[in-house]
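A.B. asks: Would you be able to build a 3D model of this:
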Amino acid sequence: WSSNNPTVASVRAGIVRAHKEGTSIITAMSVDSGKSATCLVTVTSDVIHVTEILLDNELLELSEGETAVLTATITPETATNKRILWSSTNTEVASVSKGKVTAITKGETIIEAKAEDGNKIATCLVIVYEKVPENLVLYTDELYRTMCAWNAGGTTDHDDYGIMSAFTNTEYMGGDIVLWGAQNWGIHDYLFNYRKASEKRPNQLWQTFYSIIHSSNKIIDVFSSEGEPDNPISRSALGQAYASRALAYIYLMLYFQDPCNEAGDFNADAPGVPVIFAARDGYSQADMNLHKGRNTLGFVAEQAELDINRALALLDGYARPSKNMIDYQVAQGIAARLYLFTHQWQKAADAAKAARAGYTLMDKSRLYAGFMNVEDQEVLWGFDHTVETQTTYASFFSHMSNDSPGYGGLNQMSKLIDVKLYNSISATDY
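C.D. replies: Numbers count the residues shown, from 1 in each chain. Take a look at the predicted model:
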């Protein structure tokens, strides 16, 4: 190997090194035959410097032990030296190697990506939270499965499919629905034949909602009673558990006691239902056992209000991954129901307004399309059934739809609107 101008470019073992502006001819010659090949090398002084470096994230929130990858983009793309130097300002909190960030312990650190060419730097704030407790996600999934599972109320019947079956079966006892046609599921509720303790409906309602309380308490007891968790995943799960427990107590009070006294006021002193506390609630074992008996409606309502207020604090700012989960606005909707039940009218109105913020009622076209899309902007909370999760005949659709297979149509008992309610609806209402 040789160079005809080594002051511009030298060569050794085929490796060319540029020294200054100019041209040089690099020659490779065979020792045996004398045959050769050449390469013209032009050396310029036009080094293209890095003008900007950007990261794809300016904030990472990780749990202890989690990892994430940051991607850096160099400007211009034609920069001569694109090498990036990575560093962490607090390696005890999180480390970084070639953009891969590893969360180590609770705290904050700054990840820096610095261009080796010059002083251009991009940064990302990394917040490391305490590790999500073991089984938390599993317990949260269990809570929602309890709400929509077949035989959630302890029966193997087709009118037992979670909280929607509780709402539907008890709605038959109201004044808005007329059951018409062949007698089938719901007729005994409609005729008030399922009111005795020996009948299946009280037991089904009892088990449905106390199962929700049981699942909620499993989540609550994952956490220490010393302060609230700071991990967003943990906070959201705990908030959903408190909201679910509040919801269960609202309906247990409604089903097992007259909510109004003779004067028409909230029946606060009437015997209500047992309150099953979690260990995190801070009661002694003796008090926990005491409250497993019947408590006054006032006491149960106070506990439900404590739960929903805790839920609202924990869920504030939570962005749920799907409408299957309870978020801040759903919790406000649950609060509105509680305040209606306890005759706190202004609180109910305020909570309902907060729950509806950003949602819109269905217009005519969306309404006529049917209630088939959980992502509709009228839906605050719902379970998006799929072929894999649907329960066929043991489902809300089966019992309520008059034009689909199930117990609402196909010569089964149809669910119709009561004439008094129908006549109260404006003729221009679509």
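A.B. asks: hey, where'd the helices end up in the stretch 251-400 of the chain?
C.D. replies: 285-290, 297-315, 328-341, 345-356, 364-368, 396-400 (DSSP state H, counting those that start in this stretch).
A.B. asks: which intervals of this structure have sub-threshold pLDDT?
C.D. replies: For the chain, the stretches flagged by pLDDT under 70 are 410.
A.B. asks: Could you pull up the contacting residues of the most centrally placed residue in it?
C.D. replies: Centroid check for the chain by CA atoms, centre = their mean gives residue 320 as the closest residue, at 3.1 Å. By CB atoms under 8 Å, 6 or more residues apart in numbering, residue 320 lies in contact with 236, 326, 327. Quick note: C-beta positions are derived from backbone N, CA and C, even for glycine.
A.B. asks: again, only this time at 10 Å
C.D. replies: By CB atoms under 10 Å, 6 or more residues apart in numbering, the contact list for residue 320 reads 236, 240, 326, 327, 328, 329, 330, 381.
A.B. asks: go on, residue 371?
C.D. replies: 362, 378, 379, 382, 396, 397, 400, 401.
A.B. asks: Same check on residue 358?
C.D. replies: Residues near residue 358 by CB under 10 Å, 6+ apart: 329, 377, 380.
A.B. asks: Please apply the same query to residue 337.
C.D. replies: Contacts of residue 337 were listed using CB under 10 Å, 6+ apart, and they are 246, 247, 250, 251, 254, 304, 308, 348, 351, 352, 355.
A.B. asks: which of those sit farthest apart?
C.D. replies: Greatest spatial distance in those: 254 and 355, 19.0 Å, computed using CB to CB.
A.B. asks: Compare those two (neighbour count), which wins?
C.D. replies: Comparing residue 254 with residue 355 by neighbour count (other CB atoms under 10 Å), the higher total belongs to residue 355, at 21 against 15.
A.B. asks: I'd like to know how far the more buried one sits from residue 178.
C.D. replies: Using CB to CB, to the nearest Å, one gets 30 Å for the distance from residue 355 to residue 178.
A.B. asks: Touching, residue 357 and residue 350? I think so.
C.D. replies: No: contact criterion CB atoms under 10 Å: residue 357 and residue 350 do not qualify, at 11.3 Å.
A.B. asks: intersection of neighbour lists for these two?
C.D. replies: residue 332.
A.B. asks: ok, the two, which is more surrounded?
C.D. replies: residue 350 (15 against 9).
A.B. asks: got a list of what that one touches?
C.D. replies: Contact analysis of residue 350 by CB under 10 Å, 6+ apart lists 332, 335, 336, 339, 344.
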